[in-house]
Every structure is written in structure tokens, then in C-alpha cells.
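J.: what's the 3D shape of this:
(2 chains, ligands or ions: 2)
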Amino acid sequence: MNKSIIKTITSDSERTGNVLEVKHLTVEFKKNKQPFYAVNDVSFDVKEGEILGLAGESGCGKSTLSRSILGIQKKGVSGEIKHFYKRPQMVFQDPAGSLNPSKTIEFILKEPITVKGNFSGEEKDRRVREMLKMVDLSEELLTRYPHELSGGQRQRICIAAALMQEPRFLIADEPVSALDVTVQSQILDLLKRLHKELNLSILFISHDLRVIFNLCDRVMIMKSGKIVEMGDKEEIYFSPKQEYTKELMDAGRTKYMVSESKSEKNIK
Amino acid sequence: MNKATKMKFITGLVITGIVLIMTIWGIIKTPYDPCEMNASAKYAGMSIKHLFGCDQFGRDIFSRVLVGVRETMFISACVVLIGVFFGTIFGTVTGYYGGWLDEILMRLNDAVLAFPSILLALVVIGLFGGGKYQLIAALGIAFVPSFARIVRGEVLKIRNLDYINAVKLYGASDARIIVVHILPNLKTVLLSSIVIGFNNAVLAEAGMSYLGMGVAPPDPALGRMLSEAQAFIFTTPRIALFPGLVIVLMILGFSLLGDTVGK
Ligand SMILES: Nc1ncnc2c1ncn2[C@@H]1O[C@H](COP(=O)(O)OP(=O)(O)OP(=O)(O)O)[C@@H](O)[C@H]1O
Ligand SMILES: [Mg+2]
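T.: Numbers count the residues shown, from 1 in each chain, chains lettered A, B, ... in the order given. Ligands and ions are numbered 1, 2, ... in the order given. Here you go, the predicted structure:
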């Protein structure tokens, strides 16, 4: 039944300038036998070539939203999801569970192009090396296992693996939340660069509004399963219409930080 | 591994080592033909010639114990192999796909698990006769459910992990996900349940041969040696002592290992 909810449209004539269109997406869980809507009637598009930010407090339904978009969450999902490119990929929130502990990094990076595509062994080697260079990691890591990497290295591997099939659309679910601040900014820079170099559209999820301001073009604010505000980031940050958005910004002293970074830019 | 665990582990290793040596000895060559009756050596005591002495027919007990250990090890290994093989298949398929197949197979599993494995094996033997290979098949079938249950539980955990979700997004087939990405991660839980399962198999085999099933006489089996020696337990306790001791050693060694492996 879920198959009919997710459609993939790849013919050029039907392109709309979006990589993803979501209409009336609802995800229902049962909590103590009561229906509970982790995602409640959400509609939005991700435009080709943009980074769309999704912000909201913990538990508001961000991960559930992204999982249902990709068909990982199937139970209780209703609405309409249209993808315009094949095999969108995801960088998962939990870095511990997103790499197979019994496989080497080399195996993990080759898996996407082993599963799809007819590459010779040499070609696979070459592409893995190229990708490693792209995410600034040394080839020494290839023979290691995931538990032998640092958190930041692991996250780079997750990103690299997600990009091996050269997807056009990537969902990054809090890719930096588990990392310390310096590593965070490195990973964010990396995503920004990959976004430009690979013409990659990204749905970027975070509870940190500063991170989102730094990276995204447009922003959605989510609260208890609903999108309460959506628009260009400047608009959202400097004239939020919803009381909730204001609260969220005040809580993170985001406005202060953001306007500071903005005035710095103006001086330059 | 703390000090106490280490001691347990080493003790288990030493005992299992002794058992393994006896097994290999039993495979290569025993000092005497274990079935050869020597009228002049009836009830012979322990000596250099007969390490454990002789039984009521003048058969060398040491040789009989060696062959008994060999047979027990062989039968237990086959039983565990059958249990692990089919248990892994059933457990993986039901755990991965869930749904009605899971429901049916797990109900069946519960039904089988509700019977003690010895009782179940008795039923199978009642149907197919009581030789060594029938015993292997009977105990093997009885051991499948417990392995299936353990594997299923682990697969249920693994199938929801994000590395499996990631591989699904690459477009991998179910077969590849199961064989390449799930099975290798069952190693740890399988290893400890194999040790425990082997232990149970040794006990079950000894129990069955005590009841007169399994390896056919006159070939020796540890359980049957015990039951036959009962008649002489007050006159010549030595005949019962050695097979009994060896069963205890096997169980002790494996359970010490099972307790400590993976810690
Ligand atoms: N499988 C599930 N069954 C029942 N409830 C669930 C399930 N998964 C998530 N939920 C609930 O749905 C809500 C949204 O969870 P979700 O993980 O999407 O939040 P999130 O916005 O990603 O939070 P975080 O920022 O902490 O990652 C939560 O209240 C959570 O408890
Ligand atoms: Mg989340």
C-alpha cells in the first residue's frame, strides 16, 4: 500500500523544478492505543539545487518525516510523495547505527556501487579513492572498521557512502548533532562544498537554528508534527510570523548570533 | 575479563582440551578393541595395561571411554550443526520478513519448545527407530527451535538499524541484505549459543544412550556404560565411575567456556 504513496517520476517532460514534492503527509503511530500523529498533514517541495532546512525541537517529528519520505517508515504513512530522481539517499542521525560494524570502510564505500551499476574492480577502487579525497579522508582508513574511526571520520564516511551513487537528492538528519563544535563546522563546510560541486539538493535537518542559518537557503519550522512556518531564511530569521518561531530563536539566542554574523559580513 | 572470569575460562579451556585429546585418541586408535571381551581380564583392576581397569566382560574401560567420548562428540557436533543451520535459516527469514510467516513459524517453534528435547527425540525415535543417525536427526530437530528463537531476536534488532536502511536505499536485494549484511553480524550471539547448545547436546546424548537409544551395542556409549554398570555399583564402582566422570568433565568444561566466552 505504501508503494502507491511514493512515486518516482524520472521523465524529463514531467519535471517541475523540484526534486521532491510532498503533499498532506501524515504519519500515525499508536501511543497507548491512542492514535498519535508524529507528522501531521505536511506539504512542501524541495527545489532543485537548494538546501532546505528543517528545524524544530526534539521529538517534533523531523526524523519520522524524513524516514517516511524515503519509504523507511512505512506503517501508518499516508499522503503523497513524489521523487524526481532515482534513489535519494540519507545520512542518518545516529552515527553509531549507520555503519555496519563487521565491514571495512572499503567495503562500506563500495557497497552502493556494487549493488547498482556495472563497475569493474578497478573502477570501484578509483571511485572510492576519489570520494575519499572529496570528503578529505586518507586512504589509510579503507582497511579499518567503523569502530576504529573518530565520530567526525565516521560521519564523513556516512556522507561519502550516501554520495557514491551520485544521488541528486540527499536528506541529512542532524548530521552534526553528535559532534563537537569544531568538527561540526568542518562537516557543514563539507556539505556546502559537495552541494555546489555535485549539484546536490539537500533536506537538512537540525534542531540548531544557527547551523541552519549558516547552511540553508530556505527554512521550515516544525512543531508537534506540523510545519508552522516556511520561507526564505532571512524572512524567517528577521521577521518570524509565528510566536513559536520567535520562541525557538530566543531560546538559542539565534537572532543575536545571526545578526552579529550578518553585520560582520556587511563590514566586509 | 576480570580475574575470576579468567580463571573460569582457563579451567574450561584445560578441561575441554583434555576432552578433545580423548576424542582425537578415540578417533586414531584405542589401546584395545573396545568390544573385545577378554575372559581372563574380567573385573581387572587399574594397571598400566588397563588404565581404568576392565568391566564385567573383560573389556578395557579406558578404550571404551575413549570411543564413547568420540561418539558423544560426533553426535553432539552433528546435532548442533543441524540446529544452527536450520535455526539460522528459520530465524533469519522470520525475523527479517515478519508477518504471517513469522507468526506461523514462531507458534510452531513455541509448540516444539514446550516439550523437553529428550521427550521430543523419544517421539522421533519411536517413529523412525533408534540408531545413531536417527538419534542425530531426532535431537537435531529438537534443537532447531532454540537456535531459531535466538537468531530471530537478533535479526529483529539488526533489521531496524540504519546501516540496513542505508543499504536498502542503495537498492540492494533482500537476499543480499540478509546474506551480506545481517548474517555476519550474528557471529557473536551464535558463538555463545553454540557452546551452550553443544553442552545440552552432550547431556541429551548421554541421557538417550542411558535409556538405550543411539549408538547400538556392543559399541560403547557413555550413557549406556553407566546404565550397564549400575548392577555393579556396590561391588565394582569403578566401572560406573569413569564414564560418569567423563560426562561430568565434558559438561563442566563446555559450560565454563560458555559462561565466559564473549565476556
Ligand atoms: N516507531 C515509533 N513508534 C511510536 N512512536 C514513535 C516512533 N518513532 C518515533 N515516535 C514518536 O514520534 C515523535 C517524533 O519522533 P522523531 O524521531 O521523528 O523526532 P525528531 O524530531 O527527529 O527528534 P530528535 O530531534 O530528538 O531527533 C516522538 O514523539 C517519538 O516518540
Ligand atoms: Mg530525529
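J.: Give me the mean pLDDT for the helix or strand containing B:Tyr163.
T.: Under the criterion of DSSP states H and E, B:Tyr163 resides in helix B:162-170. Helix B:162-170 shows a mean pLDDT of 96.
J.: neighbours of A:Met164, just the number please.
T.: Neighbour count of A:Met164, defined by other CB atoms under 10 Å in any protein chain shown: 24. In short, each C-beta sits where N, CA and C put it, glycine included.
J.: Identify all contacting residues around the next helix-or-strand element following the helix holding B:Tyr163.
T.: Counting by DSSP H and E, the next helix or strand C-terminal to helix B:162-170 is helix B:174-176. Contact with helix B:174-176 is made by A:Val115, B:Tyr96, B:Val167, as judged by CB atoms under 8 Å, 6 or more residues apart in numbering or on different chains.
J.: Can you mark which positions in the helix or strand harbouring B:Ile18 are buried?
T.: Secondary structure assignment for B:Ile18, by DSSP H and E: helix B:3-28. Across helix B:3-28, burial judged by 16 or more other CB atoms under 10 Å in any protein chain shown covers B:Lys8, B:Phe9, B:Gly12, B:Ile15, B:Thr16, B:Val19, B:Met22, B:Thr23, B:Trp25, B:Gly26.
J.: chain center to that helix, what's the gap?
T.: How far helix B:3-28 lies from its chain's middle: 15 Å, per CA atoms, centre = their mean, to the nearest Å.
J.: where along chain A do the strands fall?
T.: Using DSSP state E, the strands of chain A run over A:6-8, A:18-31, A:34-47, A:51-55, A:77-83, A:89-91, A:169-173, A:201-206, A:218-223, A:226-232.
J.: Where is the longest helix in the chain?
T.: In the absence of a named chain, this looks at chain A. Longest helix of chain A, by residue count under DSSP state H: helix A:181-198.
J.: if you could check chain B rather than the one you did, that'd help
T.: Criterion DSSP H: the longest helix present in chain B is helix B:61-97.
J.: Against which helices or strands is that helix packed?
T.: Helix B:61-97 sits against helix B:3-28, helix B:99-114, helix B:132-159, helix B:187-210, helix B:222-229, helix B:238-260, with contacts defined as 3 or more CB pairs under 8 Å, 6 or more residues apart in numbering or on different chains; DSSP states H and E.
J.: give the contact list for A:Gln186.
T.: A:Gly152.
J.: picking that back up, residues of the longest helix of chain B that come out buried?
T.: The neighbour-count check on helix B:61-97 (16+ other CB under 10 Å) flags B:61-76, B:78-84, B:86-88, B:90-96 as buried.
J.: And the residue of chain B closest to ligand 1?
T.: Residue nearest to ligand 1 within chain B: B:Asn160 (9.1 Å; CB to the nearest ligand atom).
J.: Would you state the helices of the stretch 101-250 of chain A in chain order?
T.: Per DSSP state H, counting those that start in this stretch, the stretch 101-250 of chain A carries helices over the ranges A:105-115, A:121-134, A:151-163, A:181-198, A:209-215, A:233-238, A:243-251.
J.: low-confidence ranges in the stretch 51-200 of chain A?
T.: Along the stretch 51-200 of chain A, no part satisfies pLDDT under 70.
J.: and stretch A:165-180 with ligand 2, contact?
T.: No: under the criterion of CB under 5 Å from the ion, ligand 2 is not reached by stretch A:165-180; the shortest gap measures 5.8 Å.
J.: From start to finish, how long is that stretch in a straight line?
T.: Distance across stretch A:165-180, first residue to last, is 29 Å (CA to CA, to the nearest Å).
J.: hmm, that stretch in reach of chain B?
T.: Yes: using CB under 8 Å from any CB of the partner chain, stretch A:165-180 reaches chain B at A:Gln165.
J.: Let me know the secondary structure of B:Thr236.
T.: Secondary structure, DSSP: H, G, I helix; E, B strand; the rest coil: B:Thr236 is coil.
J.: coming back round to it: tabulate the strands of chain A (CSV), appending mean neighbour count.
T.: Formatted as CSV, these follow (neighbours: other CB atoms under 10 Å in any protein chain shown):
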stretch, mean neighbour count
strand A:6-8, 14
strand A:18-31, 17
strand A:34-47, 17
strand A:51-55, 26
strand A:77-83, 18
strand A:89-91, 26
strand A:169-173, 25
strand A:201-206, 25
strand A:218-223, 23
strand A:226-232, 17
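J.: quick one: contacts for residue 87?
T.: You didn't say which chain, so I picked chain A. A:Arg87 sits in contact with A:Lys116, A:Gln165, A:Pro167, B:Leu169, B:Tyr170, B:Gly171, where contact means CB under 8 Å, 6+ apart.
J.: other chain: chain B
T.: Going by CB under 8 Å, 6+ apart, B:Gly87 touches B:Phe143, B:Val144, B:Pro145, B:Ser146, B:Phe147, B:Ala148, B:Arg149, B:Ile150, B:Val151.
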